[in-house]
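**Student:** give me coordinates for this.
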Amino acid sequence: MFHISFGSCWVNLPIFLLIIIVASELLSRSTDVLEKKFGSGFVGSIILGFVTTFPELVFVLVAVHATARGEVAEVAMGSAIGGNILLFTLGYGAIIVFAWYYHRKRITLSPTLRDDLWYLVISTAFIVFAVTVDRRFDAWEGVVLVGLYAVYVVHQFIEARTLRKRRLEAACADVEEGQAKTVEEVLPDEAPGWRDYTKSAIFLSVGGAALFVAAEPLVKSFEEASLDVGISILVVATVLSPLASEMPEKISAFFLARKSMAGAQTAVANFIGSKVQNNSLLFGAMILYAKSRGVILFRADDMDTLKNLLFMVVTTAFGVKITYDLRLSKWEGAVSVGLYALVVAALFVPIPASLSCVFNVTSVGLVSLGILAALSLPKILKRRGGAVGTTDTHR
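**Tutor:** Residues are numbered from 1 along each chain as shown. Here you go, the predicted model:
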């Protein structure tokens with residue numbers, strides 16, 4: 001890994017945060033040409049979802065790498081859970097409110113978005129199982145989560161190809177009989193040139209290299225800064241790290257939401273795609289790398305981790321609940337933002353030792369699974385036919 005310093009932690013912190021933000025923006029721009037080829041849905045849920053999750057993934061893996069063998073990777077676990085919470089509260093709610101402010105309409109979504117909610121609930125329930133039932137993360141659990149992500153990618157790719165085929169068939173129906181045309185002539189917007197591919201490759205290479213260079217110095221700066229001000233490393237990683245690494249996605253989403261309601265729908269789809277990848281790819285990769293290095297991700301008696309896990313389940317269940325009806329109102333957005341504020345405030349409230357007999361790994365597991373079953377699964381199992389909106393921007 002890279003060991004670069006420009007001075008004290010307070011000098012390094014803003015510099016490396018800025019590098020991460022600029023690098024993430026370059027990675028986001030590198031996907032523009034792919035959107036022309038595969039459509040906004042696949043690019044939004046998979047490509048952009050991966051790009052916006054990638055800084056957090058690098059941060060988490062570097063945090064694991066910086067942890068000594070046999071020690072607990074507090075920064076890695078805190079950052080993974082914090083990013084998970086942030087996506088479905090502050091970011092999600094802000095986009096909903098922002099779209100209403102500019103367009104005075106609630107956001108309507110495509111019914112196909114419910115597929116993503118299945119992956120979201122399954123991955124969340126599996127993480128709860130690993131922490132509260134198995135009480136540790138084993139390599140096979142990391143493989144299952146990464147495998148779930150692979151299934152998600154294949155599922156989305158198949159849907160993207162199916163929709164492109166339908167668009168091509170619809171466009172060809174307008175071509176006069178006997179008139180031969182290439183795909184580029186029928187669908188000119190889906191035929192990028194070599195200059196587009198070159199620019200995309202440059203953005204991807206420069207952005208990826210910058211992320212790898214800046215990731216480890218950023219982790220060390222967070223650790224030193226938190227110790228200087230007397231704040232727990234876990235709190236710093238849970239709050240500040242996700243805010244920094246997710247900032248490019250938030251900025252892009254705000255521009256999309258301001259442009260049109262279709263843009264707001266795409267922004268919401270991107271948030272949910274990032275949430276799925278956070279639950280599957282990020283957690284799975286973190287588990288596998290931690291096992292390979294002999295690093296512990298949590299202890300069963302760690303009250304902070306259990307508390308944050310419960311917050312993650314609550315925010316996920318709430319997000320699934322308000323999303324499943326495919327209508328997002330300004331009030332649901334406001335509540336989502338408020339929920340994030342409550343979670344951040346609760347991070348600074350320690351669990352009293354007198355409650356340790358009640359608030360433990362078993363009770364958190366039962367409550368978490370109960371919340372998922374009561375709020376999420378009935379919404380997903382309920383079949384509601386027909387599209388709510390007329391525009392399918394998710395796929």
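**Student:** packing partners for the strand or helix carrying Pro14?
**Tutor:** Using DSSP states H and E, Pro14 maps to helix 9-29. Packing contacts for helix 9-29, counted by 3 or more C-beta pairs under 8 Å, 6 or more residues apart in numbering; DSSP states H and E, involve helix 48-65, helix 194-229, helix 233-245, helix 247-259. Backbone N, C-alpha and C define where each C-beta goes, glycine included.
**Student:** winner for burial among these?
**Tutor:** helix 48-65 (a mean of 25; mean count of other C-beta atoms under 10 Å).
**Student:** distance from the helix or strand following that one to the middle of the chain?
**Tutor:** Counting by DSSP H and E, the next helix or strand C-terminal to helix 48-65 is helix 74-86. The chain centroid and the centroid of helix 74-86 are separated by 11 Å, computed with C-alpha atoms, centre = their mean, to the nearest Å.
**Student:** and the next helix or strand after helix 74-86, which residues are buried?
**Tutor:** Following helix 74-86 in sequence order, the next helix or strand is helix 92-103 (DSSP H and E). For helix 92-103, a neighbour-count test (16 or more other C-beta atoms under 10 Å) marks 92-100, 103 as buried.
**Student:** same question, stretch 11-18
**Tutor:** Within stretch 11-18, the residues that count as buried by 16+ other C-beta under 10 Å are 12-13, 15-17.
**Student:** what is the mean pLDDT for that stretch?
**Tutor:** Averaging pLDDT along stretch 11-18 gives 83.
**Student:** what about it, distance to the chain center?
**Tutor:** 23 Å.
**Student:** now do stretch 195-208
**Tutor:** On C-alpha atoms, centre = their mean, the centre of stretch 195-208 falls 23 Å from that of its chain.
**Student:** repeat that for stretch 6-19.
**Tutor:** 25 Å.
**Student:** what's in contact with that stretch?
**Tutor:** Stretch 6-19 has contacts (C-beta atoms under 8 Å, 6 or more residues apart in numbering) with 5, 210, 213-214, 217-218, 220-222, 224-225, 228, 244.
**Student:** on that earlier part again, alpha carbons of the helix holding Pro14, in PDB - could you do that?
**Tutor:** The C-alpha trace of helix 9-29 is given here as PDB (Å, rounded to 0.1, in the frame of the first residue of the first chain):
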ATOM      1  CA  CYS A   9      -3.500  14.500  10.100                       C
ATOM      2  CA  TRP A  10      -5.500  17.800   9.800                       C
ATOM      3  CA  VAL A  11      -3.600  18.700   6.700                       C
ATOM      4  CA  ASN A  12      -3.800  15.200   5.200                       C
ATOM      5  CA  LEU A  13      -7.500  14.700   5.900                       C
ATOM      6  CA  PRO A  14      -8.900  17.300   3.600                       C
ATOM      7  CA  ILE A  15      -6.300  16.700   0.900                       C
ATOM      8  CA  PHE A  16      -7.000  13.000   0.600                       C
ATOM      9  CA  LEU A  17     -10.800  13.500   0.900                       C
ATOM     10  CA  LEU A  18     -10.600  15.900  -2.000                       C
ATOM     11  CA  ILE A  19      -8.600  13.300  -4.000                       C
ATOM     12  CA  ILE A  20     -11.200  10.600  -3.300                       C
ATOM     13  CA  ILE A  21     -14.000  12.900  -4.400                       C
ATOM     14  CA  VAL A  22     -12.300  14.000  -7.600                       C
ATOM     15  CA  ALA A  23     -11.300  10.400  -8.400                       C
ATOM     16  CA  SER A  24     -14.900   9.200  -7.800                       C
ATOM     17  CA  GLU A  25     -16.200  11.900 -10.200                       C
ATOM     18  CA  LEU A  26     -13.800  10.700 -12.900                       C
ATOM     19  CA  LEU A  27     -15.000   7.200 -12.400                       C
ATOM     20  CA  SER A  28     -18.600   8.300 -12.700                       C
ATOM     21  CA  ARG A  29     -17.900  10.200 -16.000                       C
END
